[in-house]
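Peer 1: this is a predicted model, with the sequence first.
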Amino acid sequence: GPLPAHLLSDMWGRFWNNLYKIAEPFSGKPAIDPSPAMKEQNYTVLKMFHTGDDFYAAMGLYRVPDTFWDLSMLEKPDDGREVICHATAWDFYDAEDYRIRMCTRDFSFE
């Protein structure tokens with residue numbers, strides 16, 4: 001069922017690290033870092049987002065629309081523009097337009 005956001009340490013439910021002690025998959029074992037395998041498989045920021053889209057589509061959910069790919073900011077622009085990198089997601093409530101603004105970096109699992 002739904003997880004109450006107040007259990008996650010902030011009012012937006014963004015940080016799940018406080019649950020690690022009770023949800024650790026293999027108690028006492030080192031954390032699994034997927035970075036080396038992703039580098040070996042030539043993952044990029046775009047490939048990570050496409051893999052996520054493929055995952056949800058495989059469960060029968062809708063794929064993100066073309067506007068997501070065309071209008072989202074998935075990486076920090078390298079053209080000198082100053083942008084706010086705080087990750088946000090928007091649903092424009094028209095069943096057609098969903099976007100993300102995020103300065104995603106390859107292999108950043110913080």
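Peer 2: Structure's in. What do you need?

Peer 1: show me where this structure has helices.
Peer 2: Assigned by DSSP state H, the chain shows helices spanning 20-23, 35-40, 45-58, 66-71.

Peer 1: pipe these into a markdown table and attach mean pLDDT per row.
Peer 2: Listed next are these as a markdown table, based on pLDDT from 0 to 100:
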| stretch | mean pLDDT |
| --- | --- |
| helix 20-23 | 79 |
| helix 35-40 | 90 |
| helix 45-58 | 96 |
| helix 66-71 | 95 |
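
Peer 1: with mean neighbour count and distance to H6 added, can I get those in CSV?
Peer 2: Quick note: C-beta positions are derived from backbone N, CA and C, even for glycine. CSV is the format used below for those (neighbours: other C-beta atoms under 10 Å; distance: least, C-beta to C-beta, whole Å):
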stretch, mean neighbour count, distance to H6
helix 20-23, 8, 15
helix 35-40, 11, 32
helix 45-58, 13, 27
helix 66-71, 13, 30
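
Peer 1: mind putting those in a markdown table, distance to R105 included?
Peer 2: Listed next are these as a markdown table, based on distance: least, C-beta to C-beta, whole Å:
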| stretch | distance to R105 |
| --- | --- |
| helix 20-23 | 22 |
| helix 35-40 | 11 |
| helix 45-58 | 7 |
| helix 66-71 | 19 |
